[in-house]
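Peer 1: Test case, fold it:
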Amino acid sequence: MLGDEIIAFFNGFGDAGMMAALFIIFVIDAMLFPALPELFLLVIYSTHPSIAWGVALVMLAAFSIFFGNTMLYFAVKKFGMPEFIQKIMSKYSSMMILQDERMLLINRIAPVLPYTGAFIAVNNWDYRKSIIYVVIGGVVKFSILIALSAFFYSMFEKGVAQRATFLLILITIATGFILSYMRKRKIYREGEKG
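Peer 2: Model (predicted):
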């Protein structure tokens, strides 16, 4: 997995290296392809499970998703996209439960919009409102994950806490995949009817 290689590369640089690795993973997730950033957020948190480290990682995650989505948004606005991709994205967006910026909050629970910055640009959603939703949704989700992991570390010995955090990672990823799959199936069914 690419995230593992990024972490291994930066591991020798201590906490700053771990933060650089996390930043790169979040930017890749925002701009290129899904990179399971929640997994790496909790893995890196487990290196020093403390409130200060958790807050620093959530703040870094917020900046990373802001940066990645903003870069993709402005790249699409400046250089455009092939017409057929724009049509596919517009049609896909029109089948969403919400056809405006609020969909970005739902996307944090059930990720159905990859390349969020591109969707913001193609749909001509309000950039400022969109990026606020993306960042707030991310901060809430990542804060909950860090808080749960911190709870495990405060209640259990380190080995048990690591296993509980690993289980939390699996549940988070599985829940995201299941909700995303269910939402995509519903979108496709609605598209076939329309």
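Peer 1: From now on I want contacts and neighbour counts done on CA atoms only, so please keep to that.
Peer 2: Fine.
Peer 1: Tell me, please, where in this structure the pLDDT is lower than the cut-off.
Peer 2: Within the chain, the stretches with pLDDT under 70 are 1, 179-180, 183-184, 187-188, 190-194.
Peer 1: Of all the residues in stretch 98-118, which ones are buried?
Peer 2: 100-101, 103-113, 115-118 (16 or more other C-alpha atoms under 10 Å).
Peer 1: and it, how far apart are its ends?
Peer 2: 17 Å (C-alpha to C-alpha, to the nearest Å).
Peer 1: How about residues contacting it?
Peer 2: Residues external to stretch 98-118 that are found in contact with it (C-alpha atoms under 8 Å, 6 or more residues apart in numbering): 30-34, 68-73, 76, 93, 96-97, 119-120, 125-126, 129-130, 133-134, 136-138, 141, 176-177, 179-181, 183-184.
Peer 1: Centre-most residue in this structure?
Peer 2: Pro37 (5.9 Å; C-alpha atoms, centre = their mean).
Peer 1: contacting residues for that residue?
Peer 2: For Pro37, counting by C-alpha under 8 Å, 6+ apart, the contacting residues are Leu22, Ile25, Phe26, Asp29.
Peer 1: what two of those residues are the furthest from one another?
Peer 2: Based on C-alpha to C-alpha, the longest span within these runs between Leu22 and Asp29 and measures 10.5 Å.
Peer 1: quick one, which of these two is more surrounded?
Peer 2: Neighbours were counted for Leu22 and for Asp29 using other C-alpha atoms under 10 Å; Leu22 has more, 26 against 21.
Peer 1: The more buried one: which element?
Peer 2: helix 14-31 (DSSP states H and E).
Peer 1: How about His48?
Peer 2: With DSSP H and E as the criterion, the answer for His48 is that it lies in no helix or strand.
Peer 1: if I look at it, how far off is Ser143?
Peer 2: 16 Å.
Peer 1: and what of Ile173?
Peer 2: 16 Å.
Peer 1: Same question for Phe40.
Peer 2: 14 Å.
Peer 1: Over to Gln99?
Peer 2: In terms of C-alpha to C-alpha, Gln99 sits 27 Å off from Ser143.
Peer 1: elements contacting the helix or strand harbouring Ala61?
Peer 2: Secondary structure assignment for Ala61, by DSSP H and E: helix 51-79. If you count contacts as 3 or more C-alpha pairs under 8 Å, 6 or more residues apart in numbering; DSSP states H and E, helix 51-79 packs onto helix 14-31, helix 37-45, helix 116-122, helix 127-155.
Peer 1: in that helix, what counts as buried?
Peer 2: Buried, per 16+ other C-alpha under 10 Å, within helix 51-79: 53-55, 57-74, 76-77.
Peer 1: and the biggest helix by length in the chain, what does it pack onto?
Peer 2: Identified as the longest helix of the chain according to DSSP state H is helix 158-193. If you count contacts as 3+ C-alpha pairs under 8 Å, 6+ apart, helix 158-193 packs onto helix 37-45, helix 127-155.
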